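Engineer: coordinates only, no sequence provided:
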């Protein structure tokens, strides 16, 4: 069964460093998302991406964040200058239609 | 604003039915979802219901929606040890963004 895959499963980075989280969505999907879950808190929407552009983003998704779909298969989330409060589990998701989102296993980002 | 609430914990004996409850605040929700998260895994889409429905059944899973009370429930019949997980309720308004609840940790008692 096709699935969304995320790499790495765990990333440790120093505060102020740039980090790129990678995702391979399910191949025929058209909608792509990033969510995050800070330990002990709710899963929060970051951004949605459709037709090669951002379709919606949350207040969390400020200028420090960017997304890219560089080659038609990968979908990346970049954080330019990480802060301690960026430590969270980051989930990528994809869907063939707006009403369904299939999630990856997540990347745990630890900023030290 | 959008808010989705769930109780944090539920314990159920193996073989019994589990009922996980969720309340939401925004009556304009279009779709309501249940996701399952097993340890170390991502969020697995279990089922979802369109807001003009009041019930949906899929094998052991039954979703009930009470729009008047803004209450959603997930019933798992004949609960098994493999059902141990965190269950998340989520809502959307027909756009792409999902708003999640806190998740309910379901523990199965042998």
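Structural biologist: The structure has been received and is ready for your questions. Given the structure is predicted, the values throughout are model-derived calculations rather than measurements.
Engineer: straight-line length of stretch B:87-106, end to end?
Structural biologist: 7 Å (C-alpha to C-alpha, to the nearest Å).
Engineer: residues of it that come out buried?
Structural biologist: For stretch B:87-106, the neighbour count (16 or more other C-beta atoms under 10 Å in any protein chain shown) marks B:87-92, B:96-106 as buried. Backbone N, C-alpha and C define where each C-beta goes, glycine included.
Engineer: what parts of chain B come near chain A?
Structural biologist: Residues of chain B lying close to chain A by C-beta under 8 Å from any C-beta of the partner chain are B:31, B:35, B:40-45, B:48, B:88, B:90, B:92, B:94-103.
Engineer: please repeat the previous calculation with a cut-off of 6 Å.
Structural biologist: Contact residues, chain B versus chain A (C-beta under 6 Å from any C-beta of the partner chain): B:31, B:41-43, B:45, B:96-97, B:100, B:102.
Engineer: I'd like those as a markdown table, with pLDDT and secondary structure appended.
Structural biologist: Below are those laid out as a markdown table (pLDDT from 0 to 100; DSSP: H, G, I helix; E, B strand; the rest coil):
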| residue | pLDDT | secondary structure |
| --- | --- | --- |
| B:31 | 91 | strand |
| B:41 | 85 | coil |
| B:42 | 87 | coil |
| B:43 | 93 | strand |
| B:45 | 93 | strand |
| B:96 | 77 | coil |
| B:97 | 90 | coil |
| B:100 | 95 | strand |
| B:102 | 93 | coil |
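Engineer: and which of those is nearest residue B:54?
Structural biologist: residue B:31 (14.0 Å; C-beta to C-beta).
Engineer: contacting residues for that closest one?
Structural biologist: A:99, B:48, B:50, B:92 (C-beta atoms under 6 Å, 6 or more residues apart in numbering or on different chains).
Engineer: perfect, that will be all.
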